[in-house]
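S.K.: I would like the atomic coordinates for the input below:
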Amino acid sequence: MKPIQSTPTLILLFIFNLLQAQYTDVINSNRPGVSRSAFSVGTNVLQFEVGPFILKEKRTPPLRNEVSGFGVDFAARYGLFFEQLELNVEGTYQNDTKTYFSSIPFEEDRSNFKYVALGAKYLIYDPYKNADDKPNLYSWKANHRFKWRSLIPAVSVYVGANYDTKYNPYTASGIEGFSPKVMLATQNNFSGGWVFVLNLIKDRIGTDQSDFQYILTLTHSFDPQWVIFGETQGIKSDFYADNLFRVGGAYLWNANFQLDTALTFNTKDTPSVFSVNFGASYRFDFHQDKEEEEIDNGASVMDGGRRKSRRNKGNKTSGSTIKKQRRDSIDFD
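M.R.: Residues are numbered from 1 along each chain as shown. Here you go, the predicted structure:
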């Protein structure tokens, strides 16, 4: 057989693998926390995530000042063309008062977007794509034992652009207009409802405020609806450096709606940071799969209905679907 004759077959197999669905039957939110999941929301899914917060910052002498205010984190996500592809816009708006304690104390009212970014995320490797991990209905131990292959993470890449307005009080002097942003996101889904997410981010590339950030998030689902999490975020640039910590939880109200809350703090005083966040995520689910199912007489039919995922892979709060998965795995004659 000539090697070239197999090329069309290989191309078709490649396209088929690209189209393998990663849609999940419950909402796949990047909240709680600020890290980004490696997985997209799924094709034809429009999702909004929002988190109002209040904050307090204090800086000790010699540059003593305080910041007190509020803001909101926001994101809009949409799955387009392929299950692996997601377009998103995200940002943070803040409004605060900064008080300077100098020889003559004075206050400065500030408000602007700390950042706004438009980008695309694409899943380049999915270790769960061909896995067939149906729950064992007779053994709790079998369902919770450690699996070595869970050490292999799902991997996605993000490419986008920031937009900063002129004279923004939350950016370095001279930062304005568009600047590139890239990110590598990995995700490990462990047995027992544990999920670990890693983000490596290079922000505002080529500017005087070219930040490098890392975010590590560990979530645990101890109930089909309740999740707790811990997170650390490192930020390094010539303009600002910090190590932030977050703890909190989320509640799955229904398949399309999630509530969450978190505390953010650090361990330094240049400045000290304390913030309380309350968030929500909601999706408009227009996703549909057409799947061929073999029936007893050997014919195939198109299943135009909605496919329910039997894997938790898409969600940072993956334990939310455990009960659904167990029900789905039972065959009824």
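S.K.: going forward, measure contacts and count neighbours with C-alpha atoms only.
M.R.: Will do.
S.K.: need the phi and psi values for Ala172.
M.R.: Main-chain dihedrals, Ala172, degrees, to the nearest 10: phi -70, psi 160.
S.K.: wait, it sits on Thr207?
M.R.: No: the pair Ala172 / Thr207 is not scored as a contact, 9.4 Å apart, by CA atoms under 8 Å.
S.K.: all strands of the stretch 51-200 of the chain, in order?
M.R.: For the stretch 51-200 of the chain, the strands defined by DSSP state E, counting those that start in this stretch occupy 65-79, 85-100, 106-125, 154-164, 177-190, 194-203.
S.K.: switch those strands over to a markdown table; also include mean neighbour count.
M.R.: Converted to a markdown table, the strands of the stretch 51-200 of the chain look like this (neighbours: other CA atoms under 10 Å):
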| stretch | mean neighbour count |
| --- | --- |
| strand 65-79 | 20 |
| strand 85-100 | 19 |
| strand 106-125 | 17 |
| strand 154-164 | 20 |
| strand 177-190 | 21 |
| strand 194-203 | 20 |
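S.K.: in a markdown table: those strands, plus mean pLDDT and distance to Asn44.
M.R.: Rendered in a markdown table, the data for the strands of the stretch 51-200 of the chain read as follows (pLDDT from 0 to 100; distance: least, CA to CA, whole Å):
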| stretch | mean pLDDT | distance to Asn44 |
| --- | --- | --- |
| strand 65-79 | 96 | 5 |
| strand 85-100 | 96 | 10 |
| strand 106-125 | 96 | 15 |
| strand 154-164 | 97 | 19 |
| strand 177-190 | 96 | 22 |
| strand 194-203 | 96 | 24 |
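S.K.: got the ones you listed as CSV, with distance to Ile228 columns?
M.R.: Output for those, formatted as CSV (distance: least, CA to CA, whole Å):
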stretch, distance to Ile228
strand 65-79, 20
strand 85-100, 23
strand 106-125, 25
strand 154-164, 21
strand 177-190, 15
strand 194-203, 10
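S.K.: so Gly279 bridges to which residues?
M.R.: Per DSSP bridges, the residues bridged to Gly279 are Asp260.
S.K.: what about it, how many neighbours?
M.R.: Number of residues near Gly279 (other CA atoms under 10 Å) recorded here: 21.
S.K.: does it touch Pro52 like I think?
M.R.: Yes: using CA under 8 Å, Gly279 is in contact with Pro52, at 6.4 Å.
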